[in-house]
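Chemist: Just a sequence and a predicted model for now, questions to come.
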Amino acid sequence: MDLELEIRLSKKGNKESFIRLMQHYDSSMYRIAKSILQSDSDCADAIQETILSAFKCIGFLKQPDYFKTWLIRILINQCNKLLKQRSKIIPMDEFLEQQHIYADYENVEVKEIINSLEDELRTIVILYYFEDLPIKEIASILEIPEGTVKSRLSRARKKLKILVETDYTGGTLNG
Amino acid sequence: MDNLELDVALKSKLQYVKTDIPPIVKESMNKAFSAIPKTKSNKLKYSSIAASAVFLCLIVTSFFSPSSAKALSKIPLIGPVFQLVGDTGLNFASKNNISTSINKSKTDKGIKITVTDVLYDGTRIAIGYTMESEKGVMEVQKSDIYIDGKKLSFTSSSSGNAIGSDKYAGIINVSPEIKVPDKFSIDLNINKVGDIEGDWDFRKIPVKYQGTKLNSKTLMPMVSKPFENGNIVIRRTTLTDASTEVEVYGYNASLFGYNLQIFDDKNISIEPRGSSGNTEDGVSKIVYKFDPIPAGTKSLYFKVFRQANTPNDKIIDVKKDITGQYPIILDQGDGGKITIDNIEYLQDKTLVHYNYSGANPYGSGVCLWLEDEKGKDIKNPTVAIKRTDETSYSFVMECFPSDKNKKLKICTSILPGIKNVLEFNIPIQ
């Protein structure tokens, strides 16, 4: 897929290109939404709003190189908006659902580790390790200092390293 | 293993972990895709229902709250669909017997759809329909439309309201991209309703041009203003009792991402009804549709604008307690101001009467919702906010029934203003 071409066509209002772009990033959008929101239903709402908002605003995107960052920023804004709306009350069924809230990763081990992360680490881990965004862009998207991103990543590494240690040895490497 | 090595190893592992997207999310994405304007591969074509991103968000929110429909009261279907849920123009056409009654029904998957009325006034084809189902209120998600056997590539918009817990009345507005004769037939094939795929096929719906029964005036202002690296030209404005249509051409200039407002000589913005257009060989054409202008209007003022927001803006909500004391003023920042005049607590609904002051009455002016004591939005998503007065921006918003003793909050958001980029004054001779 020629992302640059699709972004250029999308900026001109081409729906088909825009849909291809959204489908290209669908897993990313779901992972990120799920790292913030509790239910799949809320993720669905946030992603839906993000798609429509992005189509409406893509004409204003000045640097196509930053398309992904731009899209994630819209998504996170939508997630935060929903989160705010939901923050007042958490019904019991949703509270119970929180025990298993994270994205449906094929790899059970990854799911368990991501599950065990604190809220403030999870989105950063998704953006850094899954989406391969630089620290500077993560700081910009989450509107927190770069130092905070680094320190949270440092905390997250302690929990994540087991994922690669078991790969090398079948057990654990020294640490 | 140092941090760098660890990061490389983690990234190389995690970036290949497959994430399964649940069906509810996929479905929601597909709904969003079908809600955005369509294009052709070699020609840029698009249509829009919404006057602004804000309005768009409101419409989309309204599509997918099926649970709220359960709270609707039973109201019998009285009168033609055009009068029940049509805009000002369709109401006029129906009341003056200008539209054609059809009344053809098809039932599939337990859902009965009836095409009730049709109107072609020279600028649009409007098809009125009702939908009845024990499965609750649903909207048409997918349809194909043929004029004399030729498939249209897009429909300009659809709208409607629930008229009971199991009935829906809607209108499909078609902007024909091909020149249509005075008499023709429409084939309407509805393929999907709500989440249910099916086949509701209406063949040979007879349509005839009814514009001769309407008062109609065509202006050819041909006014031009420089824009971007080219020019924007207002070529034709068609005014009828049922609608207003403006053809805008861009020569080496595109109005994609911009919107058009029309003001009458009392400086009241005419309600927009969508737009459609195409771009070919550097020339873009957009046809904007509006409600009919008030009788006696001597001149029109056109403003091309865009919303001054960027996606980076944070959305800040403004919420005020309803204490029974009015007015309640909600400040939207640059977006304008909403003044709540009164709230009526009726048996089957709650009506919020309010005024808007600001530059974007059909964008910021309809960004309003009511929250119950649990913070749940109780605005009825299947009933659009309606303007109630021709000389001001007075609106009424319909919400689900509520007790006036409950602690409700009336809410809006801090919204960006709009930026005018071009202005035209067109006298009506």
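Modeler: Here it is on my side, so go on.
Chemist: what's the closest non-adjacent residue to B:Arg306?
Modeler: B:Tyr258 (4.8 Å; C-beta to C-beta, 6 or more residues apart in numbering or on different chains). Placement of C-beta: from N, CA and C, glycine included.
Chemist: Return the distance of the one you found relative to A:Lys34.
Modeler: 36 Å (C-beta to C-beta, to the nearest Å).
Chemist: tell me the secondary structure for the residue nearest the centre of chain A?
Modeler: Geometric centre of chain A, nearest residue: A:Ile32, 1.9 Å, by C-alpha atoms, centre = their mean. Under DSSP: H, G, I helix; E, B strand; the rest coil, A:Ile32 falls in the helix class.
Chemist: I'd like the distance between it and A:Val110.
Modeler: From A:Ile32 over to A:Val110 (counting by C-beta to C-beta), the distance is 15 Å.
Chemist: Looking from chain A, tell me which residue of the stretch 301-429 of chain B is nearest.
Modeler: B:Gly375 (4.1 Å; C-beta to the nearest C-beta).
Chemist: any idea how far B:Pro22 is from the residue in the stretch 1-150 of chain B that chain A sits nearest to?
Modeler: Ranked by C-beta to the nearest C-beta, the top residue of the stretch 1-150 of chain B for proximity to chain A is B:Ser28, at 3.5 Å. Look at B:Ser28 and B:Pro22: by C-beta to C-beta, they are 10 Å apart.
Chemist: Next secondary structure element downstream of the one helix or strand B:Phe395 maps to?
Modeler: Using DSSP states H and E, B:Phe395 falls within strand B:394-399. Sequence order places strand B:409-413 as the next helix or strand after strand B:394-399, per DSSP H and E.
Chemist: Please name the strands paired to the helix or strand just after that next one in the sheet, noting orientation.
Modeler: Tracing the chain past strand B:409-413, the next element assigned as helix or strand by DSSP H and E is strand B:418-427. Applying DSSP bridges to the sheet, strand B:418-427 is found paired with strand B:299-307 (antiparallel).
Chemist: Report the next helix or strand after the strand it pairs with in sequence order.
Modeler: Next element after strand B:299-307 (DSSP H and E): strand B:317-321.
Chemist: what pLDDT, on average, does that following strand get?
Modeler: Strand B:317-321 shows a mean pLDDT of 91.
Chemist: Same check on stretch B:249-267?
Modeler: 83.
Chemist: For it, buried residues please.
Modeler: B:249-250, B:253-256, B:258-264 (16 or more other C-beta atoms under 10 Å in any protein chain shown).
Chemist: Can you point out the buried residues in stretch A:129-138?
Modeler: Neighbour-count burial for stretch A:129-138 [16+ other C-beta under 10 Å]: A:129-131, A:133, A:137-138.
Chemist: So, low pLDDT: which residues of the stretch 151-300 of chain B?
Modeler: B:153-158, B:164-165, B:177-178, B:256-257, B:276-282 (pLDDT under 70).
Chemist: So which residues of it form strands?
Modeler: Applying DSSP state E, counting those that start in this stretch to the stretch 151-300 of chain B gives strands spanning B:157-162, B:167-174, B:183-193, B:196-208, B:216-219, B:223-227, B:230-240, B:244-251, B:259-263, B:272-280, B:283-290, B:299-307.
Chemist: B:His215 and B:Asp241, how far apart?
Modeler: Actually, residue B:215 is Asn rather than His. With C-beta to C-beta as the criterion, B:Asn215 and B:Asp241 are 5 Å apart.
Chemist: and the longest helix seen in chain A, what's its mean pLDDT?
Modeler: Secondary structure of chain A per DSSP state H: the longest helix is helix A:146-169. Computed over helix A:146-169, the mean pLDDT rounds to 78.
Chemist: likewise stretch B:114-128?
Modeler: Rounded mean pLDDT across stretch B:114-128 is 87.
Chemist: what comes up buried for stretch B:109-117?
Modeler: B:111, B:113-117.
Chemist: Then stretch B:225-238?
Modeler: By neighbour count with 16+ other C-beta under 10 Å, stretch B:225-238 contains the buried residues B:227, B:230, B:232-234, B:236-238.
Chemist: mind exporting that stretch as CSV, just the C-alpha atoms?
Modeler: Taking Å, rounded to 0.1, in the frame of the first residue of the first chain, the C-alpha atoms of stretch B:225-238 are listed here in CSV:
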residue,chain,number,x,y,z
LYS,B,225,-13.9,36.4,-6.3
PRO,B,226,-10.2,35.3,-6.2
PHE,B,227,-9.6,32.3,-4.0
GLU,B,228,-6.4,30.2,-3.5
ASN,B,229,-4.7,30.3,-6.9
GLY,B,230,-7.9,30.7,-8.8
ASN,B,231,-11.4,32.0,-8.6
ILE,B,232,-14.7,31.0,-7.0
VAL,B,233,-17.8,31.8,-9.0
ILE,B,234,-21.4,31.8,-7.9
ARG,B,235,-23.1,30.8,-11.2
ARG,B,236,-26.6,30.0,-10.5
THR,B,237,-29.1,30.3,-7.6
THR,B,238,-32.5,28.6,-7.9
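Chemist: Pull the residues that contact it.
Modeler: With contacts defined as C-beta atoms under 8 Å, 6 or more residues apart in numbering or on different chains, stretch B:225-238 is touched by B:122-123, B:216-224, B:244-255, B:282, B:300, B:302, B:304, B:421-422, B:424, B:426.
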